[in-house]
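A.B. asks: A predicted structure for the sequence below; I have some questions about it.
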Amino acid sequence: MQNPHTPAAPRPASRGARRRLAGMTAAVAAVVAFTTLTGPGAQAADNPYERGPAPTEASIEALRGPYSVADTSVSRLGVSGFGGGTIYYPTSTSEGTFGAVVVAPGFTAYQSSMAWLGPRLASQGFVVFTIDTNTTLDQPDSRGRQLLAALDYLTERSSVRGRIDSSRLGVMGHSMGGGGTLEAAKSRPSLQAAIPLTPWNLDKTWPEVSTPTLIVGADGDTVAPVLTHAEPFYSSLPSSTDRAYLELNNATHFSPNTSNTTIAKYSISWLKRFIDNDTRYEQFLCPLPRPSLTIEEYRGNCPHGS
Ligand code: 9J3
Ligand code: ZN
């Protein structure tokens, strides 16, 4: 159907209209010149949550991003609702606050099993809190509540609370911690991103989740096989939810426990895209990544609203 606002045949412009047109042309030229002169700073004004330089394939695969990182230990004795942990944070305060992510370990495991993600993600511009659980035997629903207790501690009481934008938060976790990641997103829809890593849960259906969720499975997982865990979890997310399923190739249940560039690059992209609203990272998520030496399969809807 023809656009109803399409004008009819043009009329010859009056002298006044020509003068206004010349004025507008000068104004447009001035704006173009200003934008060129101000460079990346002008982009930051468009998206107040954007942090760091424009990404490249190499920058999201690198072992460290552009930010220097410090860490601080949180004793389990000083907190309630979870088991303490380690906060990794960018030392810079010149760009304002950062988004934040809490990371939970799996059954019988400790924060050390996820420690590699702390500096890897924080150096890209996030405050990252790798936690211990109350007991190593806690089940996914408990781990979900502990992720939220840790987020509340991080934003309300921690020594780095002033560095965090408490409206830009995410959750991650491995195995039962990944199952807990889904539980946390289900119970707190204000979360901006969730990334369950080789997740395990007896609950197979997650239609309640509206938080953008990237589920990572492993083709060789015999503890939480993708056929009964990651895949049905992904499929049960509403199609109206921003969602993706990344199945690692030649990987096991424990692949998320050591430095893994495929996990890192798509986690960074997901967190940047949905916690920082940073569409510069959409190029790595959309069109969907193709199968490769490290990707067995990738499913998803390209990010909504962009
Ligand atoms: O956190 C996990 O590794 C969950 C997998 C598991 O051991 O389940 C058995 C009850
Ligand atoms: Zn369910």
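C.D. replies: Sure thing, it's come through. Only a predicted model underlies this, so the values are computations on that prediction, with no experimental measurement involved. Ligands and ions are numbered 1, 2, ... in the order given.
A.B. asks: Contacts only, for the residue nearest to residue 124 when sequence neighbours are not counted.
C.D. replies: Counting by Cβ to Cβ, 6 or more residues apart in numbering, residue 65 is the residue found nearest to residue 124 once chain neighbours are left out, at 3.6 Å. Yep, even glycine has a C-beta here, placed from its N, CA and C like the rest. If a contact means Cβ atoms under 8 Å, 6 or more residues apart in numbering, then residue 65 has 52, 59, 120, 123-125, 268 as its contacts.
A.B. asks: So which residues on the stretch 201-306 of the chain come close to ligand 1?
C.D. replies: The stretch 201-306 of the chain comes close to ligand 1 at residues 223-224, as judged by Cβ under 6 Å from any ligand atom.
A.B. asks: By proximity to ligand 2, which residue of the stretch 201-306 of the chain wins?
C.D. replies: Minimum separation of the stretch 201-306 of the chain from ligand 2 (Cβ to the ion) falls at residue 205, amounting to 3.7 Å.
A.B. asks: Now do the spatially closest residue to that residue that is not a sequence neighbour: how many residues are near it, please.
C.D. replies: Spatial nearest neighbour of residue 205, excluding adjacent residues (Cβ to Cβ, 6+ apart): residue 236 at 4.1 Å. Using other Cβ atoms under 10 Å, residue 236 is surrounded by 16 other residues.
A.B. asks: Settle this for me: residue 236 is touching residue 201, isn't it.
C.D. replies: No. Counting by Cβ atoms under 8 Å, residue 236 does not reach residue 201; the two are 10.9 Å apart.
A.B. asks: Which positions in the chain make contact with ligand 2?
C.D. replies: 203, 205 (Cβ under 5 Å from the ion).
A.B. asks: In the chain, mark out all the helices, start to finish.
C.D. replies: Counting by DSSP state H, the chain has helices at residues 15-38, 40-46, 57-61, 117-122, 140-156, 176-187, 230-236, 261-275.
A.B. asks: Compare those helices and say which comes out lowest on pLDDT.
C.D. replies: Per-stretch mean pLDDT for the helices of the chain is lowest at helix 15-38 (a mean of 40).
A.B. asks: From residue 215, how far out is the residue in the stretch 151-300 of the chain that ligand 1 sits nearest to?
C.D. replies: As assessed by Cβ to the nearest ligand atom, ligand 1 sits closest to residue 175 within the stretch 151-300 of the chain, at 2.9 Å. Taking Cβ to Cβ, to the nearest Å as the measure, residue 175 and residue 215 are separated by 13 Å.
A.B. asks: joint contacts of these two?
C.D. replies: Common neighbours of residue 175 and residue 215 (Cβ under 8 Å, 6+ apart) are residue 199.
A.B. asks: contacting residues for residue 179?
C.D. replies: Under the criterion of Cβ under 8 Å, 6+ apart, the neighbours of residue 179 are 140, 143-144, 173, 196, 199-201, 203.
A.B. asks: Pick the one among those closest to ligand 2.
C.D. replies: Taking Cβ to the ion as the measure, ligand 2 sits nearest to residue 203 out of the contacts of residue 179, at 4.3 Å.
A.B. asks: How much space separates the closest one from residue 178?
C.D. replies: Distance from residue 203 to residue 178, by Cβ to Cβ: 12 Å.
A.B. asks: So between those two, which is more surrounded?
C.D. replies: Applying other Cβ under 10 Å to residue 203 and residue 178 shows that residue 178 carries more neighbours, namely 33 against 14.
A.B. asks: Surely that one and residue 197 touch.
C.D. replies: Yes. With contact defined as Cβ under 8 Å, residue 178 counts as touching residue 197 (5.1 Å).
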